[in-house]
Structure formats: structure tokens, C-alpha cells
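Peer 1: Just a sequence and a predicted model for now, questions to come.
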Amino acid sequence: MNAMSFLISTVFDLYIMVVILRIWLQMARTDFYNPFSQFIVKATQPVVSPLRRVIPSIGSLDLATVLFAYVLCVVKFVALQLVVSGGVAFGPEFLFIGLIALAKAAGGLLFWILLVRAILSWVSQGRSPIEYVMHQLTEPMLAPIRKILPQMGGLDLSVLVLFIVLQFANFLMGDLIGPIWYSL
């Protein structure tokens, strides 16, 4: 059952990240004509479009897409319970676990986006359309850190500082919530 659990978890995690990325792209008001942004929109549009007709947005926050990401997190946990134990007794704890899983997925996505941005900054020199979107997504978080850090002669340590903050938040959530945080 480990193989099935791995497959279910990976497929759900990747699609949850795509859905969260759509939320983030909308909130950051990135270039939606960028090929990377177009992929994200096309991958989520079949489900999000009907939901948006029913669930309104609040400002720049698309509640329909947030709800879709949350439901995916709950369904992932239910699917994993079905595979591991062969049955599931749905309870209110699943809703809480879905919320925790959504928060952890958002933090994981931020980590991967920062890592991709750092690697692309060494390789592509700003000419990649993906790098442009990564810059639009992360710059609002990195710019305040750069203002605080002293200049290092062209070396940008703001990504490293944000990595440390993310790792601290990960450990803090593990301390507050317990082992379930690490199992999601």
C-alpha cells in the first residue's frame, strides 16, 4: 500500500500546488498572458469556472479557488485513509486536517517557488518567462527583507532569510500541532 499512498499523495499534492498557484497568481496580479500563467489557468479552469459562478470573490481573493484547494486537501486525506485502512469514518477532524494540509501545501509551494527562482537567477539571467512570473510572485516578500539586510556586493541573501523563516514556521507548526503536521 505504500506505493499507492505515494502515488495518491503525489498526484494530489501537485494539483493542489497548481490550484494554490492560481490563487497566488491572482493575488499578486501577475501577467496572465505569460505561458506559465496560461498553463495554470488552463489546468484549473474546468473546475474553477463553474464554482466562480456560485461563489463570489472578496477583493483579490478568489474564494471559489480557495474552496477548491481546501476540498482537494480533504479529499486527499480521505483517499489516503481509504487506501491505508480500507475504510473511512468521516468526521469533523477531516475538515481541520484539510485546513492544516492547505496551509502546509501553501508553505511548501512558497519554498519550491523560491528555490526555482534562486536557481533560475544563476542560470537564465532574467530572460525566461517563468522567471518573470517567479519574480512577480516572490518580490513582494523579498523586497522588505532586502531593505533590512545590508548590501553584500551583489549577493542577494533575502531568499536565504525567507528560507530560514519558512523553516522556523514549519518547526513551530510541528511544535504547536504535533506529529500530524509532519505526516501531511
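Peer 2: Nice, I can see it. Residues are numbered from 1 along each chain as shown.

Peer 1: Where does pLDDT dip in this protein?
Peer 2: Across the chain, the stretches falling below the confidence threshold (pLDDT under 70) are 1, 88-89, 126, 182-184.

Peer 1: in it, which spans are helices?
Peer 2: All helices of the chain, identified by DSSP state H, fall at 2-28, 35-54, 63-85, 92-123, 129-148, 158-177, 179-183.

Peer 1: Which strands and helices lie in contact with the third one?
Peer 2: Yep, that's helix 63-85 we're talking about. Packing contacts for helix 63-85, counted by 3 or more CB pairs under 8 Å, 6 or more residues apart in numbering; DSSP states H and E, involve helix 2-28, helix 35-54, helix 92-123. Heads up, the C-betas are built off the backbone N, CA and C, glycines and all.

Peer 1: Okay, buried residues for the second one please.
Peer 2: Of the residues in helix 35-54, 36-37, 40-41, 44, 47-48, 51-52 count as buried by neighbour count, 16 or more other CB atoms under 10 Å.

Peer 1: In JSON lines, list the residues you listed along with distance to Gly153.
Peer 2: Formatted as JSON lines, the buried residues of helix 35-54 follow (distance: CB to CB, whole Å):
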{"residue": "Phe36", "distance to Gly153": "31"}
{"residue": "Ser37", "distance to Gly153": "34"}
{"residue": "Ile40", "distance to Gly153": "36"}
{"residue": "Val41", "distance to Gly153": "40"}
{"residue": "Thr44", "distance to Gly153": "42"}
{"residue": "Val47", "distance to Gly153": "48"}
{"residue": "Val48", "distance to Gly153": "45"}
{"residue": "Leu51", "distance to Gly153": "49"}
{"residue": "Arg52", "distance to Gly153": "47"}
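
Peer 1: can you tell me which two in these are farthest apart?
Peer 2: Using CB to CB, these span at most 22.6 Å, a distance reached by Phe36 and Leu51.

Peer 1: Against Lys147, how distant is the most far-flung residue of the chain relative to its centre?
Peer 2: What lies farthest from the middle of the chain is Gly153; by CA atoms, centre = their mean that is 31.9 Å. Gly153 is 17 Å from Lys147, where distance means CB to CB, to the nearest Å.
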